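Asks: Sequence first, then the predicted structure:
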Amino acid sequence: MCGIIGIVGSRDVTERLVDGLKRLEYRGYDSSGVAVLDKGKLIRQRAEGKIKGLEAKLKTDHVDGQTGIAHTRWATHGVPNETNAHPHFSGRVGVVHNGIIENFLDIRTELKHRDFRTETDTEVVSHLVDEALGKGLDPKDAFSESLKKLKGAYAFGVIIDDHPDHIYCARSGSPLALGVGDGEMYLGSDAMALAQLTSKLIYLEEGDWAILTPNSYEIYDLDDNKVEREITVLTGGPAMAEKGNYRHFMLKEMYEQPETIGRTLSNYIDEYRLAANVPAELNFEEFDRIIIIACGTACYAGMVAKYWFEQAAGLAVDVDIASEFRYRKPVLSPKSLFIAVSQSGETADTLAALRYCKEAGVKTAALVNVMTSTMAREADIALPINAGPEIGVASTKAFTSQLTALAALALAAGTSRGVISNEAQKRMANALIKTPRHVKQALRLDKQIEAMAFDFSKSKSAFYLGRGSQVPIAFEGALKLKEISYIHAEGYAAGELKHGPIALIEDGTPVIVLAPFDRLFEKTISNLQEVASRGAHIILITDEEGASHAASMADNMIVLPTCDHFVAPIITTIAVQLLAYHTAVHLGTDVDQPRNLAKSVTVE
Ligand code: M6R
């Protein structure tokens, strides 16, 4: 949420700042802005909406200098207009911020003599620093004294008018990295923003703050002690994901799934032994419970994994959304394994849950797509999914890779705990190995689903039903539809509908039923009939055997390739992704950057 970048150097910075912002646009796209120091004067350009608006303004009214900071916003406090866009200026100070200053109202009251011009929480920071400078403190002390007054989560970049070759920055709760260049220093919300500038990164730790000049950096900890932090050298270059010939990143990312799932598998499945292959420190015999914590789509991956771990390994699994878990009093035991599931590895609530468990002495693992992320760095065990950069805000390939990795972990747990037979282990490993092929076959239904989506896109509301490990896929299908098409949708356990929500079914209400031909097929079909007899329009997503039994009961049918029931949730996912995507395209929404959303949710 919000992306920040800064450069202090000896040549003009604006173009590179804006380029960095584009790489960060996935974090928010309500408004953006850039501020530079030009001959000791703070100047800026800001625009409401996406970064292309800022670029257009800069074309006619360019600002430039050799020290600058920039920001792309996901609004928390104050509507997304130009006034509330960062950088904010107060007196001699300019600031960009990612996070939430929780005590901003108290600080505003304390500084009521000052002229506040925005509705943001951030503006208190520039006022605090400027106020401290006004009292005669030097910039370093003014910055560190101001930090001490703040409560909440933040990553900042601050510039001061008569200190043209300095950037002050700090992190607490929100990610921030420094970049070390040749005669230049950088700061950025993540590696993606800095990769085109340098390969040498320093990840600030909680409470760290720093002073950057073109040729030096100094880092201080929470207690203002000067500290050293390790330099990480990025490998793989500055590649920025491109859309290629695809209309949207989301479509490209859906089509990448045979390959991305294959990459995940190569990490976790030994094709020759037909067995799971997990890091040695993950010894499932040590644990009597698994706690999976995540948000949104990642949480649905965790819910599917609960079925897998229980069935394959006889292990109790708690799955919870991170924003609830962190404020409960969860009962933890030293024999629990905590697994955070997160594409970005930065989601604030999931990270807080991880830290909570780590502090309680529970072994922690982070299943992430970004191995340089805070979760990957802080967890005891970092588990990569290797799906590659996911740019579309709606998560697709990361989800199927999370499922793939979790399935392999469940298989590993079942094997090491002696719950599954040798034969079952080989069958399950084989099923996983065949998944990329089945996903490829499922993607061939694209045109059929596109045609089906035309009528579906006229719906006001839709229901997704499933049983067993298809229930979380029903949730995921509904979430995908909501977030990119803005059609109201809910996922339900098929057996639960008659306990209330069935009252909403009327003539023509679309109900998407996820029913591969497994041991729960007949039960799901009974639930299908309950809604069909009340007028629902049924879209049945099944496999070949299921189709031969239930074709007459569906208004539309999506027939997926037959696969082992163990991996069926991964294959069903492809159908719900395509349905949501084409519905959104028919409706003309902004598929890759849907309204109100941000890819990485770094505020709670
Ligand atoms: O980066 P994370 O996996 O931790 O993100 C979690 C959710 O914010 C994310 O899955 C969100 O629900 C997606 N927009 C869903 O498509």
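Replies: Sure, I can see it.
Asks: Not counting sequence-adjacent ones, nearest residue to the residue in the chain that the ligand sits nearest to?
Replies: Closest residue of the chain to the ligand, C-beta to the nearest ligand atom: G296 (2.0 Å). Just so you know, the C-beta spots here come from the backbone N, C-alpha and C atoms, and that holds for glycine as well. With sequence-adjacent residues excluded and distances taken as C-beta to C-beta, 6 or more residues apart in numbering, G296 is closest to L479, at 6.8 Å.
Asks: If you count neighbours, what's buried in stretch 96-112?
Replies: Buried residues in stretch 96-112, counting neighbours by 16 or more other C-beta atoms under 10 Å, are found at V96, H97, N98, G99, I100, I101, F104, I107, R108, L111.
Asks: First residue to last residue on it, what's the distance there?
Replies: 22 Å (C-alpha to C-alpha, to the nearest Å).
Asks: same thing with stretch 493-509?
Replies: 17 Å.
Asks: Run the chain-centre distance for that stretch.
Replies: How far stretch 493-509 lies from its chain's middle: 31 Å, per C-alpha atoms, centre = their mean, to the nearest Å.
Asks: check contacts around Q425.
Replies: Contacts for Q425 (C-beta atoms under 8 Å, 6 or more residues apart in numbering) come out as L274, A275, A276, L411, G414, T415.
Asks: Count the neighbours of H62 for me.
Replies: Look at H62: counted by other C-beta atoms under 10 Å, it has 11 neighbours.
Asks: Alongside the ligand, which residues does the protein contribute?
Replies: Contacts of the chain with the ligand, taken as C-beta under 6 Å from any ligand atom, map to 295-298, 342-344, 347, 350, 393-395, 479, 483, 600-601.
Asks: Beta-bridge partners for V341, please?
Replies: L367 (DSSP bridges).
Asks: Give me the residues contacting the helix or strand of the chain with the lowest mean pLDDT.
Replies: Counting by mean pLDDT, DSSP states H and E, the chain has its least confident helix or strand at helix 191-194, which shows a mean of 86. Helix 191-194 has contacts (C-beta under 8 Å, 6+ apart) with 3, 5, 20-21, 23-24, 177, 179, 186, 188, 201, 234, 240, 370, 372, 389.
Asks: least confident pick among those?
Replies: Least confident entry in the contacts of helix 191-194, by pLDDT: M240, with 54.
Asks: and S552, backbone torsions?
Replies: phi -70, psi -10 (degrees, to the nearest 10).
Asks: Please apply the same query to L354.
Replies: Dihedral angles (degrees, to the nearest 10) for L354: phi -60, psi -50.
Asks: what's the closest non-adjacent residue to W74?
Replies: G28 (2.7 Å).
Asks: Now that we're looking at that neighbour, what pLDDT does it have?
Replies: At G28, pLDDT is 84.
Asks: would you say the residue nearest to G296 is within a helix?
Replies: Yes - judged by DSSP: H, G, I helix; E, B strand; the rest coil, L479 forms part of a helix.
Asks: Would you mind confirming that it makes contact with Y300?
Replies: Yes - at 7.4 Å, L479 and Y300 qualify as touching, with contact defined as C-beta atoms under 8 Å.
Asks: Neighbour count: these two, which is higher?
Replies: Between L479 and Y300, Y300 has the larger neighbour count (other C-beta under 10 Å), namely 28 against 22.
Asks: List the contacts of that one.
Replies: Y300 neighbours (C-beta under 8 Å, 6+ apart): F399, P472, I473, F475, E476, L479.
Asks: Try it again at 7 Å.
Replies: P472, F475, E476 (C-beta atoms under 7 Å, 6 or more residues apart in numbering).
Asks: does the most far-flung residue of the chain relative to its centre count as helix, strand or coil?
Replies: In the chain, counting by C-alpha atoms, centre = their mean, G136 sits farthest out from the average C-alpha position, at 42.7 Å. At G136 the chain is in coil, as set by three-state DSSP.
Asks: what phi and what psi does the backbone show at it?
Replies: Per degrees, to the nearest 10, the backbone of G136 is at phi 100, psi 0.
Asks: okay if I get the contacts of Y300 as a markdown table plus pLDDT?
Replies: Shown next, in a markdown table, are the contacts of Y300 (pLDDT from 0 to 100):
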| residue | pLDDT |
| --- | --- |
| P472 | 98 |
| F475 | 98 |
| E476 | 98 |
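Asks: Which one of those residues is nearest to K57?
Replies: Minimum distance to K57 across these is 39.0 Å, recorded for E476 (C-beta to C-beta).
Asks: helix/strand/coil for the closest one?
Replies: Going by three-state DSSP: E476 is helix.
Asks: sorry, back to before: I'd like the distance from the residue nearest to G296 to E530, if you could.
Replies: 24 Å (C-beta to C-beta, to the nearest Å).
Asks: First-to-last residue distance for stretch 324-335?
Replies: Counting by C-alpha to C-alpha, the terminal residues of stretch 324-335 are separated by 22 Å.
Asks: Straight-line length of stretch 259-276, end to end?
Replies: From start residue to end residue, stretch 259-276 stretches across 19 Å - C-alpha to C-alpha.
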